[in-house]
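# what's the 3D shape of this:
(chains A, B and C)
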Amino acid sequence: MLSRTASHLYWMARYIERAETTARLLQVGARNALLPDIGGGFRNDWEAILQASGSLEMFREKYGETKQRNLETFLFFDAENPASVRSCIELARENARVVRTGLTSQTWDAMNTAFQEMKELHRTERSKLSLTDLAEWTSRACAQARGSIHATQLRNDGYHFMNLGFTLERADNTARMLDVKYYVLLPSLSYVGSGLDQTQWVTLLRSMSAHRAFNWTYRGEITAARIAHFLILNRQFPRSLLTAVEDTLDHLDHLARGYKNPSRAQSAARSLLAELAEAEVEHIFDEGLHEFLTRFMGQNAGIANIVQETYLTGEPA
Amino acid sequence: MAQADQNFFNEMLNGTDVRAAYENLDRWQANMPSDLRSLKQHEAEQLFRRVGITFAVYGEGGDPERLIPFDMFPRVFTADEWRKLERGIKQRAAALNAFLADVYDGREIIRAGKIPEHIVTRNEAFEKAMVGIRPPMNIWSHIVGIDLVRTGRDQFYVLEDNCRTPSGVSYMLQNREIMMRMFPQLFVENRIAPVDGYASALWRTLASVAPKKCEGEPNIVILTPGQFNSAYYEHSFLADLMGVELVEGQDLFVEGDFCWMKTTEGPQKVDVIYRRIDDAFLDPLCFRPDSMLGIPGLMNVYRSGGVTICSAPGAGVADDKAIYTFVPEMVRFYLGEAPILENVPTYQCAKTDDCKYVLENLEELVVKEVHGSGGYGMLVGPKADKAMIELFRDKIRARPQNYIAQPTLALSTVPTFVEEGIAPRHVDLRPYCLVGEKIELVPGGLTRVALNEGSLVVNSSQGGGVKDTWVLAE
Amino acid sequence: MKLRVRHVSRYVFDAPVKRLAQSHRLWPAETQGQSVIQWSVETENAVTGSGFRDGAGDWTQTVTVKGPVSEFTVTAEGLVETSDTSGVLRGHRERVPASAYLTGTRITGLTAELRMAAEAALEGMDAASPLDRAHALARYVSDHVVFAPNRTEPATTAAEALEGGEGVCQDHTHVLIALAHAADIPARYVTGYMLSTEDSQGAEASHAWAELHVHGLGWVGFDAANRCCPNEYYIRLGSGYDASDAAPIRGIVDGATQETLDVSVAVTDSARQSQSQRQQ
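Now for the predicted structure:
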């Protein structure tokens, strides 16, 4: 397969996943903003979220005040914000368009429909759109794309490149969301275990469609340790870091088998997976959750880089 | 149906009689309820849209997302008619290739005084970089599109030759596909020669010109300028049909003696490039230094025999309008045969006598720019107003060498669906001749039809449409 | 005369490039006026290939380097025995017809001024021999374009150079080509090396001049910058429509970067002292 084709498939998937993450962040922010401000009027959840997505400066320059309305515009509709839902959907569809002959008509339809509906939403009067509508639309559109890929695409190398896009981006996004919550949102360590802490966790879980799953799995009190376990180490939760890395390895194995050529990406993913499989929540907290997550994101990006070098440039080093 | 207009050859009617080849079709259209007709017309349009076949035919410009109208009434050639056309087309394609091989090597035809040297060597399409190069099998133009018009029962004229990268073949294939889906019965009632062998014939042709250095089955690719090109659909369609990669310049690179394709399994050698980009953009180290579409070093690999480029750079010198006049001479010179297909009589404004005649008869002539293509910079005398004619008179006087003129041709007509039923409309034909180890021609081509009543312009940018083209089996 | 040449081109990129590709025409061809005793072209860490002799009779070859590359050096050197043929190119095997060199490029394209200059140069010479006419054109260029470094750029056209009235050998050559075209004489750009003498104008070891196709004689070199025809002090490398088409090295890199090129050419009479000079 042409490296450029593989690259388009891979990035199409990454952008789909990223669109969903931005919508989740928007939801977390909106819900947190509803909470009473206990930080003495200085705390601003929105800024925290923008900081987490690395776009605070851009936002300030363009909009100034961090009002929800501006945030919605910025994170959902703004074509200049590369991480906005709209940018991600457009980029995903653009990547899809280039490799259209490699997609089933269902997959193309899903991508194209998302793109057309987004244009429609953009034309709709804003007072008629609630944030929940926007977030739900995003997860539906992304689920449709993911679903048609899963249900209709041939299980060839292209399929695995799309899935690598999903799993690598997903691992990164879960880690990022968790980091936002723990490192950025909570005003200070003294709030750990407080009511605010609890509520924020619930919000986070909700935004990841994981609230009920969590309750089923852990039954009872929400603690930082349990949440961390759930989002990092739980083998059942589809968005946990461990599951995402496991999926990444699975697709890398498929590629290596198909090409009859093992890759460095496999070994990198295998060692990251081994580390997670052995990890325990206490050790993670000993290391520091933020430090752990930062390290994880680095390792995950490392795998992505090897994938890029090995397969997507066409000229393996 | 009314009696045919005597001024134009009607391909279906002889006087009031329906010709044998069209009898089934005439019955078919007569029995078709008008609501079914519009239903089918709509269906056809939907099918075209769904496959995404929206592009302009080579050099016509215009909106690339535009759909070219499809007329459901097929155009029919009898086996006899086609036999003669086929021989003529193949003959012409062979002569054009012999000419290219000659002008980039010994220039025998110039030495023999049959073609003036300056028309060849001073031609914009002449590539100095190709002199002395001998492409595999000495074939230069692998896909020759020959535009033909018909003016009588046995009278065909060649309007122009396309030796570079003629497009539109995807229409020929899709038109047939759609007709077979919508009217399968027609294909039971009539014995219609299939055209779907085109893709494998194209593959065979390209494979047969693989470089000597290539061992085993050649790796063939189609090189496209990218998705924003108006013929991108056709590029990806042909790649799909042949099962070869559709690549852009950025997917290829040169190293050592070969050209390589960047794949997920590492570099893969490329043997034959069916390029759909212009010469000037192929290689910034040989042609335009600012080309972003090309592959640096490709021309050196090609010229040293590491890869084959189809068509050969510089092949355009054979299809230039100034060269056109000499094609019958080429047939005689290289093949020692009498030309089967005739040229339209052409006046060279560069010649004093011709120029005088042209200026005196502008109202009756079609004037074309030598280097232009596809209906732009063209004067259709009988359709032009006074101001337009005067404009061209000045242009010709200023730069006579840039213009040629031809009599207005009485293009044949084929029945075409119109609001009130069917009516004759003028058509032309572009068959696609493949030149490799063998010269092959699938029985059919792209018929373009001028949908506006009385119009002689078949270009899609000016109200032209397309039709399925049938060749009846023996 | 035996001339020793050392021609080093060093490219430095301020940001490493992903890939570098060059097409080289750095090999002097065998002609009556020159015979190669020894010649080599060296590149570091590069893959070379696709060598062939082109229709103009020049050996051409590709060089590629897979990045990251921050600098790259091409060294051509060798020993060539030359003799004076009064500028006439003899024994050069080429297949491009002279008439292919009648058409201008963006750089050598004709303007009304250039046509007028050609007419002025040839005034009263209608009956003169083709060779005399060619000399007249070369003389006109020598008279009307003063040698002056750094006043023109690589992209300066023939028309601009003539209007400005100054330039370097590249400009003299472009103007002469254009004037020849105006007079319907095939003309082309030639690159090569020259052993400078004390009185040679713009003593550049890396040099360019024009060849005009003179009826009855064939290609004849004219060095308008030096008011002479190439002799045993010259080594001919390659030809083309204009400077860019004839360039001994045509290259391109993959990556956004600033490129600094440092060329040094040394031509020495192997029997005498060395002479060297650098150009930036």
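
# going forward, measure contacts between C-alpha atoms and count neighbours the same way
Will do.

# what's the pLDDT at residue 158?
Because you didn't say which chain, this covers chain A. We have a pLDDT of 96 for residue A:158.

# wrong chain, I was asking about chain C
On the pLDDT scale, residue C:158 gets 96.

# and if you look at the one 5 residues further on?
Predicted confidence (pLDDT) for residue C:163: 95.

# what's the answer for residue A:194, then?
68.

# domains in the chain, by residue range?
In the absence of a named chain, chain A is used. A:1-153, A:154-317 (automatic domain parsing).

# look at chain C instead
C:2-82+C:247-279, C:98-246.

# against residue C:59, how distant is residue C:52?
For residue C:52, the distance to residue C:59 (CA to CA, to the nearest Å) stands at 6 Å.

# so which residue is dead centre in chain B?
residue B:145 (3.2 Å; CA atoms, centre = their mean).

# in which helix or strand would I find it?
If you go by DSSP states H and E, residue B:145 is part of strand B:143-150.

# which residues does that strand contact?
By CA atoms under 8 Å, 6 or more residues apart in numbering or on different chains, the residues outside strand B:143-150 that reach it are B:9, B:89, B:93, B:156-166, B:311, B:411-412, B:427-435.

# now for the helix or strand that that strand is followed by, which elements pack on it?
Counting by DSSP H and E, the next helix or strand C-terminal to strand B:143-150 is strand B:156-162. Identification of packing neighbours for strand B:156-162 by 3 or more CA pairs under 8 Å, 6 or more residues apart in numbering or on different chains; DSSP states H and E yields strand B:143-150, helix B:321-324, strand B:342-343.

# between the ones you listed, which gets nearest to residue C:180?
helix B:321-324 (24.9 Å; CA to CA).

# show me what the closest one is packed against.
Packed next to helix B:321-324, using 3+ CA pairs under 8 Å, 6+ apart, are helix B:117-121, strand B:156-162.

# and the average pLDDT for that helix is what?
Here the average pLDDT along helix B:321-324 is 86.

# gap between that helix and the chain center?
Here helix B:321-324 is found 15 Å from its chain centre; the criterion is CA atoms, centre = their mean, to the nearest Å.

# and the next helix or strand past that helix?
helix B:327-330.

# now the closest residue to chain B within the stretch 101-250 of chain C: how far from chain A?
The stretch 101-250 of chain C approaches chain B most closely through residue C:250 (5.7 Å), counting by CA to the nearest CA. Distance of residue C:250 to chain A, given as CA to the nearest CA, to the nearest Å: 24 Å.

# what sits opposite the residue most central in space within chain C in the beta ladder?
For chain C, residue C:191 is the residue whose C-alpha lies nearest the centre (CA atoms, centre = their mean; 1.9 Å). Beta-bridge partners of residue C:191, counted by DSSP bridges, are residue C:208, residue C:238.

# you'd agree it is up against residue C:244?
No: if you go by CA atoms under 8 Å, residue C:191 and residue C:244 don't touch, sitting 10.5 Å apart.

# residue C:12 sits in which helix or strand?
Using DSSP H and E, residue C:12 falls in strand C:2-24.

# could you give me the average pLDDT of that strand?
Here the average pLDDT along strand C:2-24 is 94.

# equivalent analysis for stretch B:431-447, please.
The model assigns stretch B:431-447 a mean pLDDT of 97.

# pull out the buried residues from it.
Residues B:431-437, B:439-447 are the ones in stretch B:431-447 that count as buried (16 or more other CA atoms under 10 Å in any protein chain shown).

# need the winner for burial among the domains of chain C.
Ranked by mean neighbour count under mean count of other CA atoms under 10 Å in any protein chain shown, the domains of chain C are led by domain C:98-246, which reaches a mean of 21.

# quick check, residue B:465 in a strand?
Yes: assignment of residue B:465 by DSSP: H, G, I helix; E, B strand; the rest coil places it within a strand.

# beta partners for it?
Going by DSSP bridges, residue B:465 forms beta bridges with residue B:449.

# so it touches residue B:451, yeah?
Yes: counting by CA under 8 Å, residue B:465 touches residue B:451, with 6.3 Å between them.

# coming back round to it: dihedrals phi and psi, the residue of the stretch 101-250 of chain C closest to chain B?
phi -120, psi 130 (degrees, to the nearest 10).

# for it, give me the pLDDT.
94.

# does stretch B:121-139 come close to chain C?
Yes: interface with chain C: stretch B:121-139 contributes B:121, B:122, B:128, B:129, B:130, B:131, B:132, B:133 (CA under 8 Å from any CA of the partner chain).

# by pLDDT, give me the weakest of those residues.
residue B:122 (90).

# tell me who's in contact with residue A:121.
By CA under 8 Å, 6+ apart, residue A:121 has no neighbours at all.

# can you check the pLDDT for residue 140?
As the question left the chain open, I've gone with chain A. 94.

# could you do chain C instead?
pLDDT, residue C:140: 97.

# before we move on, what about the one 3 residues further on?
Confidence per residue is given as pLDDT, and for residue C:143 that number is 96.

# repeat that for the one 3 residues further on.
Looking at residue C:146, its pLDDT reads 93.

# ok, now residue B:63?
For residue B:63, the predicted pLDDT is 50.

# CA atoms of stretch B:448-455 as PDB?
Output of stretch B:448-455 as PDB, limited to C-alpha atoms (Å, rounded to 0.1, in the frame of the first residue of the first chain):
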ATOM      1  CA  ARG B 448     -19.800  13.700 -28.000                       C
ATOM      2  CA  VAL B 449     -23.000  15.300 -29.000                       C
ATOM      3  CA  ALA B 450     -24.000  19.000 -29.400                       C
ATOM      4  CA  LEU B 451     -27.200  19.100 -27.400                       C
ATOM      5  CA  ASN B 452     -28.400  22.400 -28.700                       C
ATOM      6  CA  GLU B 453     -30.400  22.400 -31.800                       C
ATOM      7  CA  GLY B 454     -28.200  23.200 -34.900                       C
ATOM      8  CA  SER B 455     -25.100  23.500 -32.800                       C
END
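
# just the buried positions in that stretch, please.
Within stretch B:448-455, the residues that qualify as buried are B:448, B:449, B:450, B:451, B:452, B:455, counting by 16+ other CA under 10 Å.

# with stretch B:341-353 instead?
Quick answer for stretch B:341-353 (16+ other CA under 10 Å): B:341, B:343, B:344, B:346, B:347, B:348, B:349, B:350.

# in what helix or strand does the residue positioned nearest the centre of chain A lie?
By CA atoms, centre = their mean, chain A has its centre lying nearest to residue A:173, at 3.3 Å. Per DSSP H and E, residue A:173 falls inside helix A:157-179.

# is any residue of that helix near chain B?
No: using CA under 8 Å from any CA, helix A:157-179 stays clear of chain B, with a minimum separation of 8.9 Å.

# render the CA-only coordinates of the next helix or strand after that helix in CSV, please.
Moving toward the C-terminus from helix A:157-179, the next helix or strand (DSSP H and E) is helix A:195-207. Taking C-alpha atoms only, helix A:195-207 is exported to CSV below (Å, rounded to 0.1, in the frame of the first residue of the first chain):
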residue,chain,number,x,y,z
GLY,A,195,-17.0,17.1,47.5
LEU,A,196,-15.6,19.1,44.6
ASP,A,197,-13.1,16.4,43.8
GLN,A,198,-15.9,13.9,43.7
THR,A,199,-18.1,15.9,41.5
GLN,A,200,-15.3,16.6,39.0
TRP,A,201,-14.6,12.9,38.8
VAL,A,202,-18.2,12.1,38.0
THR,A,203,-18.1,14.8,35.3
LEU,A,204,-15.0,13.2,33.8
LEU,A,205,-16.5,9.8,33.9
ARG,A,206,-19.7,11.1,32.3
SER,A,207,-17.9,12.8,29.5
